[in-house]
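Enquirer: Sequence and predicted model, in that order:
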Amino acid sequence: MAKITAQMVKELRQATDAPMMDCKKALVEADGDMEKARAILRDKGIAKAAKKGDRVAAEGLIDVIVSDDFKSGTIVEINSETDFVSKNERFQNLVRETTQYIHNSDFSNIDEVLNGEYGNSTFGEYFSEVVAKIGEKIVARRFEKVSSDVVNGYVHSNGRVGVLIALETDKPEELRKLAKDIAMHAAAMRPMVISYKDFSPQFVEEEIKGRIEAIKKENEELARLGKPLKNIPQYISRQQLTDEVIEEAKEKIKEELKAEGKPEKIWDKIIPGKLERFISDNTTLDKELALLSQNYVLDDSLTVEKAIEKEAKRVGATYAKLVGYVRFEVGEGIEKKEAPSFAEEVAAQAGI
């Protein structure tokens, strides 16, 4: 049997960050073979991670990489159990390595990533080695890749929100900054879709019912306080404003103008403004959740759609279309377990 020296234990510990006694036991089991000892520790690390399987990893970081030519981008979410670990340099490096690895490959899902070749093994094995050193459940949750004429992205300073934006245009270099600015806008304003056309009819129908009820309740309180009531919209999305609906609104406006005694010869000057107000009042869902319909944070006199048109015109682009949008926020959609109360913890330990 090979003699296990203190130097060997120290070397293995430095390479793996595993506890000293675990390193010594692994070297004894491997008969002094350093690589075998590392494999033993890696396997034990995997086993320890498996025991953490019932824990919820809902913290972590978002990372974004954009290619040097701004033609493609990758966004990745890696989850940890605690916010404390997400501030760990080793965890941050793992997130960056994972994003870079995915960005430089053609994987379509996380399983492919973890089974991909990496050094002398797989990326999954390397990932597990690092996780074992960190000592907390860590999950590579999801990623998306985007490519177009121009792609740019943004990660908020806390690393919890990231966005990728893709534009089709004949002036890609001139519109790189615009794509970055729109990504920053989306990080703050949390749009659900690019356009109102992307909402499902069922979603719009469910939303309008809830919003009308909410306004009715709000109006009850406003009436009690003697304040002006809010208009209850008939619709909430441009998707609902068919040609028939618009024509009906025009006729109603004409009836109102007639009742007010306004001369018919000036109706053409009044109707467009009133119709624009009607559309504005009945597209609240679009303004909140459709990116192109939101008021642009850098110039709230414009929608994002109008801001794109304005900047495209300024740089001499004949066209500019927003075709890709991805927004990740750490932990969204993950059901977190509620922490037990102190009384519940005591009862559990006492077997009550």
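Expert: Everything's here; your move.
Enquirer: Render the CA-only coordinates of the host helix or strand of residue 323 in PDB, please.
Expert: If you go by DSSP states H and E, residue 323 is part of strand 320-329. The C-alpha coordinates for strand 320-329 follow below in PDB (Å, rounded to 0.1, in the frame of the first residue of the first chain):
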ATOM      1  CA  ALA A 320     -35.800  48.100 -38.000                       C
ATOM      2  CA  LYS A 321     -37.900  45.400 -36.400                       C
ATOM      3  CA  LEU A 322     -37.800  44.000 -32.900                       C
ATOM      4  CA  VAL A 323     -37.900  40.200 -33.500                       C
ATOM      5  CA  GLY A 324     -36.400  38.700 -30.300                       C
ATOM      6  CA  TYR A 325     -37.000  39.300 -26.600                       C
ATOM      7  CA  VAL A 326     -36.000  37.100 -23.700                       C
ATOM      8  CA  ARG A 327     -36.200  38.200 -20.000                       C
ATOM      9  CA  PHE A 328     -35.000  36.000 -17.100                       C
ATOM     10  CA  GLU A 329     -35.600  36.800 -13.500                       C
END
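Enquirer: Can you list the strands that it pairs with?
Expert: strand 161-169 (antiparallel) (DSSP bridges).
Enquirer: buried stuff in the strand it pairs with?
Expert: Of the residues in strand 161-169, 161, 162, 163, 164, 165, 166, 167, 169 count as buried by neighbour count, 16 or more other CB atoms under 10 Å. In short, each C-beta sits where N, CA and C put it, glycine included.
Enquirer: List phi and psi for the residue nearest to residue 167 when sequence neighbours are not counted.
Expert: Nearest residue to residue 167, sequence neighbours excluded (CB to CB, 6 or more residues apart in numbering): residue 150, at 4.9 Å. Main-chain dihedrals, residue 150, degrees, to the nearest 10: phi -140, psi 130.
Enquirer: Go through the helix or strand hosting residue 268 and flag the buried ones.
Expert: Using DSSP H and E, residue 268 maps to helix 267-281. Buried residues in helix 267-281, counted by 16+ other CB under 10 Å: 274, 278, 279.
Enquirer: Which one of these is nearest to residue 157?
Expert: Set against residue 157, the nearest of the buried residues of helix 267-281 by CB to CB is residue 279 (37.0 Å).
Enquirer: That closest one contacts residue 237, correct?
Expert: No. Look at residue 279 against residue 237 with CB atoms under 8 Å: they stay out of range, at 10.6 Å.
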